[in-house]
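Trainee: Structure for the following, please:
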Amino acid sequence: MIIGIGGISNSGKSNLAGRLKSYFKDKKVSVLCQDDYAFPKDKIPTVKDHVDWEHPDSIDYNWFHETVLEHDKIFDIVIVEGIFAFHHEPTNALMDMKIFLSLSKNLFMVRKSNDLRWGKEPDWYVEHIWNSHCKYCSHYSEIDALAINSGNPVDLKEVISFMSESSV
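Mentor: Numbers count the residues shown, from 1 in each chain. Coordinates of the predicted model:
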């Protein structure tokens, strides 16, 4: 089983992936974070001389896809998460279930301003992250996915219920 989790930065993708892994403690579960499959910085587009992690061309989709296929042979469940989780159609087609986490712009701005994992991002870049999400990813909520507003804590029971109903 391959589960895809997509959504804007700070929407809770990694958190939900970890919670699902814990829920399926009796299974062999792999979590693949799409961030780990980014090209080297010098191969990623830039915006105002800043590495543009929010551009679809920042991800090595072939490497990511091959890893998903390899893990699907080894693990009972493979969870793939990332802002562009559904962008690459061949990888998207492998997914048995898709979850899209949405977030209001105001809450995104608050969460992102408090996210210092990579240092303080300039305000213009935080706005760019939102605009890139709207441009490249916001339509993912319209695909055959469980769409969840992650402004509130994600209800794991709702996710598991969706999985059961989807016969996954």
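
Trainee: Please work out the average pLDDT along the helix or strand containing Phe162.
Mentor: Using DSSP states H and E, Phe162 sits in helix 156-165. Mean pLDDT, helix 156-165: 88.

Trainee: Any buried residues in it, and which?
Mentor: Neighbour-count burial for helix 156-165 flags 159, 162-163 (criterion: 16 or more other CB atoms under 10 Å). Using the backbone N, CA and C atoms, a C-beta is placed for each residue, glycine as well.

Trainee: Remind me what that helix packs against, helices and strands.
Mentor: When contacts are defined as 3 or more CB pairs under 8 Å, 6 or more residues apart in numbering; DSSP states H and E, helix 156-165 packs onto helix 13-23, strand 97-102, strand 146-149.

Trainee: Correct me if wrong, but Trp130 is in a helix.
Mentor: Yes. Applying DSSP: H, G, I helix; E, B strand; the rest coil, one finds Trp130 inside a helix.

Trainee: isn't it right up against Met109?
Mentor: Yes. Between Trp130 and Met109 there is a contact under CB atoms under 8 Å: 7.3 Å.

Trainee: any low-confidence regions in this protein?
Mentor: Flagging of the chain using pLDDT under 70 yields the residue ranges 116, 118, 140-142, 166-168.

Trainee: ok, now which ones touch Val159?
Mentor: 16, 20, 99, 146, 148 (CB atoms under 8 Å, 6 or more residues apart in numbering).

Trainee: would a markdown table of those residues with neighbour count be doable?
Mentor: A markdown table is the format used below for the contacts of Val159 (neighbours: other CB atoms under 10 Å):
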| residue | neighbour count |
| --- | --- |
| Leu16 | 22 |
| Leu20 | 21 |
| Ile99 | 27 |
| Leu146 | 18 |
| Ile148 | 23 |
